[in-house]
Structure formats: structure tokens, C-alpha cells
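Asker: Give me coordinates for this.
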Amino acid sequence: MDNRYEKEIIQIIRKQDWLMGALRDARDLRLPDWYIGAGAIRNTVWNYLHGMPTTSHQQDIDVVYFDSFDMKGEREKSSEDILIKKSPNLKWDIVNQARGHLLKHGQDMVRPPVKSSCESIAYWGETPTCVGVRLNDDDSITICAPHGLDDLMNLVVKPVPKPYQDLSFYKKRVESKNWDKFWSKLKIIRR
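Answerer: As a prediction, this is how the structure comes out:
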């Protein structure tokens, strides 16, 4: 990953008490290979770059982890219940990425099995969404950005590259999300 924007994103995240609290709560679950990602990170950065409160347009907190010994997803529900009790004001969504290829997430493409959460994040439709953040035990932050951070920080929305790409899924998301109505500086590549 290109580190050009990594420090800047970490600074943005550290300024958000609500997001740092969510990262601490997720870390306390002790899930293997976990990240908070997708809209929680993307929308925080977009809001910040647009001068808006970073809590605006936040629909849920996506927590992903990778556990090949939990192929039924039993820890998903129990972990969600714990987080709801800790932070009932947030909407949590937890998915074990080891079983992601078994789930249908509105994509037309069948996703192959992956070996890590970060590899799974590479399939998340559009490049600025493909970012995960983890708060480590020493309070350092790890960023997973399989397609880099340039598009997120430059407000560019484009489909992920092949072989991760599902253009039909991308088009549906761009049309249904209406991101440019909330964030006027976005440059959305429509294909």
C-alpha cells in the first residue's frame, strides 16, 4: 500500500471520538484479523474533506474478521449483541470474511474464497470503500487498503480493478447510493 495518505487518514480517524470508541469496542471482541471498514471509514473521510460532521450519512459500522474455524458465523451474532449493548447508538454489522464467498451481498459475481480480511476487502465494489482500519493493542492503527488510498483521499469513486471487479454491482451501488447528492466534490466514474 502507498503510504502517501496513511498518516493523514490516521489523523482524521484519531480526531473522531465516536469512531475511536467504535474501534476500541471492536478491538475488545478479540476477533481474529478484524477491521472496521466500508462506509464507516469512507464516509468519515468524505465528510471530513467536505467540512461536514463525520457522523453525517453513517448508516452502520461494518466489522469484518477472518476465522476459518467459524464457517457458520456463530461469532457474528454474539459479537454484534455485545457491541449493541456497549454502544446501542451505533448500528453494527459483523461478517466473518472466511465465509464471505458463501454469502450473497447483492453481487452478480461469485466471489472466490479468500485467505484474509484484507483480501476480502479488495472485492468491495468501489475503490474508496475498500479500506479497513484496526486499532491495535498498543493503540496504533493498521490500515488495509488493497487498492490504495488515493481514490478515497481524492474523492474519486471508481470500480475496483479486475479480478475483483463486478461492474453490474458497481453500477447498482453508484445509482442507489446517491453519494453525489451528499458529497458534491466527488468524482464518480460511471461505466
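Asker: how about the nearest residue to residue 47, chain neighbours excluded?
Answerer: The spatially closest residue to residue 47, leaving aside those adjacent along the chain, is residue 54, at 4.6 Å (Cβ to Cβ, 6 or more residues apart in numbering). Where you see a C-beta, it was placed from the backbone N, CA and C, and this is true even at glycine.
Asker: Kindly apply the preceding question to residue 86 instead.
Answerer: residue 25 (5.0 Å).
Asker: Let me know how buried that neighbour is, in neighbour terms.
Answerer: Using other Cβ atoms under 10 Å, residue 25 has 20 other residues around it.
Asker: Buried residues in the helix or strand containing it, which are they?
Answerer: Under the criterion of DSSP states H and E, residue 25 resides in helix 17-28. If you call a residue buried by 16 or more other Cβ atoms under 10 Å, then helix 17-28 has these buried ones: 18-19, 22-23, 25-27.
Asker: for stretch 27-47, same thing?
Answerer: Buried, per 16+ other Cβ under 10 Å, within stretch 27-47: 27, 29, 31, 33-47.
Asker: any idea how far residue 57 is from the residue nearest to residue 86?
Answerer: 21 Å (Cβ to Cβ, to the nearest Å).
Asker: so the closest residue to residue 99 other than its chain neighbours, which of the three states?
Answerer: Excluding the flanking residues, the one nearest residue 99 by Cβ to Cβ, 6+ apart is residue 71, at 5.2 Å. At residue 71 the chain is in coil, as set by DSSP: H, G, I helix; E, B strand; the rest coil.
Asker: any idea where the helices of the protein begin and end?
Answerer: Ranges of helices in the chain, per DSSP state H, are 6-14, 17-28, 39-49, 74-86, 117-121, 150-153, 167-177, 179-182.
Asker: and of those helices, who's closest to residue 128?
Answerer: helix 150-153 (4.1 Å; Cβ to Cβ).
Asker: starting at the chain centroid, how far to that closest one?
Answerer: Here helix 150-153 is found 14 Å from its chain centre; the criterion is Cα atoms, centre = their mean, to the nearest Å.
Asker: CA atoms of that helix as CSV?
Answerer: Written as CSV, here are the backbone C-alpha positions of helix 150-153 (Å, rounded to 0.1, in the frame of the first residue of the first chain):
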residue,chain,number,x,y,z
ASP,A,150,-5.5,7.8,-3.4
ASP,A,151,-9.1,7.5,-4.6
LEU,A,152,-10.5,7.9,-1.1
MET,A,153,-8.5,11.0,-0.4
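Asker: Buried ones in that helix, by neighbour count?
Answerer: Of the residues in helix 150-153, those buried (16+ other Cβ under 10 Å) are 151-153.
Asker: Make JSON lines from the helices of the chain and add mean pLDDT and distance to residue 133 to it.
Answerer: Formatted as JSON lines, the helices of the chain follow (pLDDT from 0 to 100; distance: least, Cβ to Cβ, whole Å):
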{"stretch": "helix 6-14", "mean pLDDT": "97", "distance to residue 133": "6"}
{"stretch": "helix 17-28", "mean pLDDT": "98", "distance to residue 133": "7"}
{"stretch": "helix 39-49", "mean pLDDT": "98", "distance to residue 133": "6"}
{"stretch": "helix 74-86", "mean pLDDT": "95", "distance to residue 133": "16"}
{"stretch": "helix 117-121", "mean pLDDT": "96", "distance to residue 133": "11"}
{"stretch": "helix 150-153", "mean pLDDT": "98", "distance to residue 133": "11"}
{"stretch": "helix 167-177", "mean pLDDT": "94", "distance to residue 133": "21"}
{"stretch": "helix 179-182", "mean pLDDT": "95", "distance to residue 133": "20"}
